[in-house]
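Novice: need the 3D shape of this:
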Amino acid sequence: MEEETEMSVSRMNRVYYAARDGMAITLYAMLNDNEPEYSNKLISQKVLQEDGQCCSPFIVAARFGHNKVVKMLLDKFTLDIEQEGRVKFDGYIIEGASALWCAAGVGHLNVVKTLVKAGANVNHPTKTNSTPVRAACFDGRLDIVKYLTDHSANIHIANKHNNTCLMIAAYKGHLDIVSFLLENGADPNEQAQYGETALHFAAECGHCTIVKELLKHGSKMTKNAKNMSPLISAAERARADVVDCLIEHEDVSKEDMIEAYELLGASFANDKDHYCLQKAYTYLHKAMALRYSDPNNIIKKVPGEPIAAYENWREAETVQRLEIIKNNHNAIHMESLTIRERILGRQNPDVPQPVIYRGAVFADNARFDRCIDLWLHALNLRQMNNMSISKDLLRFAQVFSQMIHVGVELKFLQVLNVLEASVVELGRNKKKLIEPEPKEDSDQSISEEIESNITITLYILTILTKLMTLNEKGYDETDIKRAHHLVHKLCALQILWRLVPTWILSIVKEKPPLMQQLLVLPKLFFERKPNCL
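Specialist: This is a model prediction of the structure:
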């Protein structure tokens, strides 16, 4: 019985790989030797791959564009043309993809024609409600988009996030498809789940010609859920040509122009991919000059409250003040970070990333004090807005390790603040695992994040314990009590960990007071259970 099963699996794999590699004659020979019912089962049986893809020989043949194989399977055997699989597409895992969706998404027009002629549903959606025509829009295949629409494909069907075909084409920069969709009735002012329009996507990606095309067809400058217009979205991403285009083609108020130029300059000063201090100063100066362009109606700046992480920087309020700091790089950096946070607001998820980048630059120059100040601010912003801080915690563990390696003194309070954030994050992780949110996050990905966060938390706790062991009397009693409280809180979460790292066992030999509290609850952290999460 076991040998028969092994032979069956072996044959199934051979059928699958023959279909994947386009070996139509070999595949037919393998299938034709069997009973029809068994052959039909073989070509519809899903095969799980190491990279997570799971689909049948029929779907994989369509995915790789083997039209002869697809035709042969349809002509000679009985199969469900609407069968679904799990495929990888441009780095994304797609659940519920049909053979037609795969062929359209990868750009195999001949296979698309074969499947449509055989009766495939041109609007068959994936689990996220993505249709074959949407997949073709993503890939930039106008020929496939036209063919599918000629055969009743609906270009107005949005995915589960209400993201339309027009939006994805605008995002990917496919001007010909954008024009085709607009000419065929696509609504340029349709809004996605969080209020974005096609104009938002084109603007933030820097597709100036598409921005002009959308404006020509009546696209409006609406704001999304983050209170950002396409103009502000372009400025935040340092898309200078799009900012100029929108200001030129739209009726933009002077106040909006000033805000856009300020944000554009601020973005150039702290954007990893578009960093340019000369452009930063140029646009900051342009915005300031606009404020004073009409002596009878000066638009004065209303600065926000000083932020400690930005050295309590006060924004320049006059052209003269801005000109004084022109050649002071640090001043321009802090000015720009302050401007970004004022314009975008602390609730905007785009605010932390440039702060992290500026901190990383400080770390590269061994300015760990400034790095940690900025990263703590970014961490607090993320956590305040219920964003994952798993990468932030790893970043802190790395910089703390680097500081220890080069002999730079660690501040107890800074490590304590990171520990507190990690305990809060683990609490949220546990809640998410118990009460999953209706998102794409799988139980496995949440579990993996918990594993990572536990490891980092214990590493940070180890550092904190070592600091207390070496210099307990040198720290404020309130902070010591806070550290003990956090350990109690951590243990109370009762999060199980699958494996015991050897370094954890080595650090508890001396059993300092803080670590002893962990040892009284060994089950919570060190119990070996294969599926405890």
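Novice: roughly how far does A269 sit from R291?
Specialist: Counting by CB to CB, to the nearest Å, the separation of A269 from R291 is 19 Å. Bear in mind the C-beta positions are built from the backbone N, C-alpha and C, glycine included.
Novice: same deal with C245?
Specialist: 23 Å.
Novice: one more: G218?
Specialist: Distance from G218 to R291, by CB to CB: 32 Å.
Novice: beyond the helix or strand encompassing L322, next helix or strand please.
Specialist: Assessed by DSSP states H and E, L322 sits inside helix 319-324. Later in the chain than helix 319-324, the nearest helix or strand by DSSP H and E is helix 329-344.
Novice: in that following helix, what's buried?
Specialist: 331-344 (16 or more other CB atoms under 10 Å).
Novice: now the two most distant members of those residues.
Specialist: A331 and L344 (20.5 Å; CB to CB).
Novice: so where's the stretch 351-500 of the chain shaky on pLDDT?
Specialist: Low-confidence segments of the stretch 351-500 of the chain, defined by pLDDT under 70: 437-444, 472-473, 496-500.
Novice: can I get the buried residues of helix 329-344 in TSV including distance to L166 and pLDDT?
Specialist: Output for the buried residues of helix 329-344, formatted as TSV (distance: CB to CB, whole Å; pLDDT from 0 to 100):
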residue	distance to L166	pLDDT
A331	43	98
I332	39	98
H333	38	98
M334	40	98
E335	38	98
S336	34	98
L337	35	98
T338	37	98
I339	33	98
R340	30	98
E341	33	98
R342	33	98
I343	28	98
L344	26	97
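Novice: ok, these vs E420, which is closest?
Specialist: E341 (22.4 Å).
Novice: and the helix holding L322, what other elements does it pack with?
Specialist: helix 277-291 (3 or more CB pairs under 8 Å, 6 or more residues apart in numbering; DSSP states H and E).
Novice: buried set for the helix it packs on?
Specialist: So for helix 277-291, counting by 16+ other CB under 10 Å, buried means L277, K279, A280, Y281, T282, Y283, L284, H285, A287, M288, L290, R291.
Novice: just send these back as JSON lines, with pLDDT and distance to L100 too.
Specialist: Output for the buried residues of helix 277-291, formatted as JSON lines (pLDDT from 0 to 100; distance: CB to CB, whole Å):
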{"residue": "L277", "pLDDT": "98", "distance to L100": "51"}
{"residue": "K279", "pLDDT": "98", "distance to L100": "46"}
{"residue": "A280", "pLDDT": "98", "distance to L100": "48"}
{"residue": "Y281", "pLDDT": "98", "distance to L100": "53"}
{"residue": "T282", "pLDDT": "98", "distance to L100": "50"}
{"residue": "Y283", "pLDDT": "98", "distance to L100": "47"}
{"residue": "L284", "pLDDT": "98", "distance to L100": "51"}
{"residue": "H285", "pLDDT": "98", "distance to L100": "55"}
{"residue": "A287", "pLDDT": "98", "distance to L100": "50"}
{"residue": "M288", "pLDDT": "98", "distance to L100": "56"}
{"residue": "L290", "pLDDT": "97", "distance to L100": "53"}
{"residue": "R291", "pLDDT": "98", "distance to L100": "56"}
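Novice: can you pull out the helices in the stretch 51-200 of the chain?
Specialist: 57-63, 67-76, 99-106, 109-117, 132-139, 142-150, 165-172, 175-183, 198-205 (DSSP state H, counting those that start in this stretch).
Novice: with respect to I324, which of the ones you listed lies nearest?
Specialist: So among the helices of the stretch 51-200 of the chain, helix 198-205 is nearest, using CB to CB, at 33.0 Å.
Novice: quick one: the helices in the stretch 351-500 of the chain?
Specialist: Assigned by DSSP H, counting those that start in this stretch, the stretch 351-500 of the chain shows helices spanning 352-364, 368-384, 390-406, 412-434, 443-471, 477-492.
Novice: next, the buried residues of the third one.
Specialist: Neighbour counts using 16+ other CB under 10 Å place S390, D392, L393, R395, F396, A397, V399, F400, M403 of helix 390-406 among the buried residues.
Novice: just put these in CSV and tack on distance to L148.
Specialist: CSV is the format used below for the buried residues of helix 390-406 (distance: CB to CB, whole Å):
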residue, distance to L148
S390, 40
D392, 43
L393, 46
R395, 45
F396, 49
A397, 49
V399, 51
F400, 54
M403, 57
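Novice: which member of the residues you listed is positioned nearest K223?
Specialist: Comparing those against K223 with CB to CB places D392 closest, at 28.3 Å.
Novice: OK, contacts around that closest one?
Specialist: Contact analysis of D392 by CB atoms under 8 Å, 6 or more residues apart in numbering lists I356, W375, A378, L379, R382, A421.
Novice: list the contacts for the last one?
Specialist: Shown here is A421, whose contacts under the criterion CB under 8 Å, 6+ apart are L379, N380, Q383, I389, D392, L393.
Novice: just give me the neighbour total for the second one.
Specialist: It refers to N380. N380 has 17 neighbouring residues, counting by other CB atoms under 10 Å.
Novice: please name the nearest non-neighbouring residue to it.
Specialist: Excluding the flanking residues, the one nearest N380 by CB to CB, 6 or more residues apart in numbering is A421, at 7.6 Å.
Novice: what sits closest to G218 if chain neighbours are left out?
Specialist: P188 (6.0 Å).
Novice: surely that neighbour meets S179?
Specialist: No - contact status for P188 versus S179: not in contact, 11.4 Å apart, counting by CB atoms under 8 Å.
Novice: so those two - more neighbours on which side?
Specialist: Taking other CB under 10 Å, P188 and S179 do not tie; P188 has more neighbours (22 against 18).
Novice: phi, psi of the more buried one?
Specialist: phi -70, psi -10 (degrees, to the nearest 10).
Novice: any idea how far N154 is from it?
Specialist: Where N154 is concerned, P188 sits at a distance of 17 Å (CB to CB).
Novice: what about K88, neighbour count?
Specialist: Neighbour tally, K88, other CB under 10 Å: 14.
Novice: which residues does the closest residue in space to it that isn't next to it in sequence contact?
Specialist: Spatial nearest neighbour of K88, excluding adjacent residues (CB to CB, 6+ apart): Q53 at 5.4 Å. Contact analysis of Q53 by CB under 8 Å, 6+ apart lists G85, R86, V87, K88, I93.
Novice: select only the buried ones of those in ChimeraX?
Specialist: Under the burial definition 16+ other CB under 10 Å, those of the contacts of Q53 that qualify are selected in ChimeraX by:
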select :85,86,87
